[in-house]
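K.L.:
show me the folded form of this:
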Amino acid sequence: MNHHILTIIENTFIAKNTYKLLLRGPTLEEQHPGRFVNLLLPGLFLRRPLSVCDSDPGSLLLVYKTVGRGTEQLSALSPGETLDVLTDLGNGYGLSPSGESPLLLGGGAGVPPLYLLARRLRRSGRKVTAVLGFNTAAEAFGADAFRALGCDVTVTTADGSLGRRGFVTDAMPPDYTYFYACGPEPMLRAVHRLTRTSGQFSLEERMGCGFGACMGCTCRTPAGPKRICREGPVLEKEEILWEG
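P.N.:
Modelled structure (predicted):
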């Protein structure tokens, strides 16, 4: 975990309830795919965890949805203002098991952390397929950015207003060597049931402290409960025991 005071360069609306936040700071290190950061907002006791969309030395890109008081407050901040940010939190994606043709499955707010992963996989020569799922066309974002990396991209919408009608599980290709998934729990349950290879899930969970002290975010595994903010948010398919 590292602590930074970062300057807002851009904080713009890109889709329904969705914003792109670009931060910069001279001491900021390049982030690992799948890890998250924790933002301190004035007047709020708990920090807000956000997944990392893209990262280079000195810069950090976050894509977030406005879902409550904290993110609404965040969306009102302007370029030039600063944020207190904890970085390098959580356990990120492992790239080595991916094989030659990994499949990336992202749903809604689960799409952003897959972008940095796709960039690293493409850099290492993998053939990446990305299936990005949204409820409606108004909520869709990111497809062109994945295509610019050289990924084979399919967009699905539940109402059929953009791309293929249905869910990400309806558009999975028949051939892939490994998968990575991030999105809402019903989507992840379906992916867990329908995928034919091993893979990794990035779990979305409401967090208290964000670094493992409060035990407020846990997932059942054969080895006992694991903390999403510490041992996660990325867990392997074989580790997850779904509740219910």
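K.L.:
contact partners for the residue minimising distance to the centre of the chain?
P.N.:
Nearest residue to the geometric centre of the chain (CA atoms, centre = their mean): Pro113, 2.9 Å. Counting by CB atoms under 8 Å, 6 or more residues apart in numbering, Pro113 touches Pro33, Gly34, Phe36, Ser51, Val52, Cys53, Cys182, Ser202. (Each C-beta comes from the backbone N, C-alpha and C, glycine too.)
K.L.:
among those, which are in helices?
P.N.:
Assigned to helices by DSSP state H, none of those qualify.
K.L.:
just give me the closest of those residues to Leu241.
P.N.:
Closest to Leu241 out of these is Ser202 (16.9 Å), distances taken as CB to CB.
K.L.:
Leu95 contacts Leu121, doesn't it?
P.N.:
Yes. Judged on CB atoms under 8 Å, Leu95 makes contact with Leu121 at a distance of 6.4 Å.
K.L.:
higher neighbour count, the two?
P.N.:
Leu121 (23 against 19; other CB atoms under 10 Å).
K.L.:
can you tell me the closest non-neighbouring residue to that one?
P.N.:
Val128 (5.2 Å; CB to CB, 6 or more residues apart in numbering).
K.L.:
now Thr18
P.N.:
Lys65 (5.2 Å).
K.L.:
please report how far that neighbour lies from Phe141.
P.N.:
10 Å (CB to CB, to the nearest Å).
K.L.:
can you pull the residues that touch both of these two?
P.N.:
The contact lists of Lys65 and Phe141 share Thr18, where a contact means CB under 8 Å, 6+ apart.
K.L.:
before we move on, the earlier item: residue contacts, the residue nearest to Leu121?
P.N.:
Residues near Val128 by CB under 8 Å, 6+ apart: Ser101, Pro102, Leu104, Ala118, Leu121, Arg122, Leu149, Gly150, Cys151, Asp152.
K.L.:
fine by me, thanks again.
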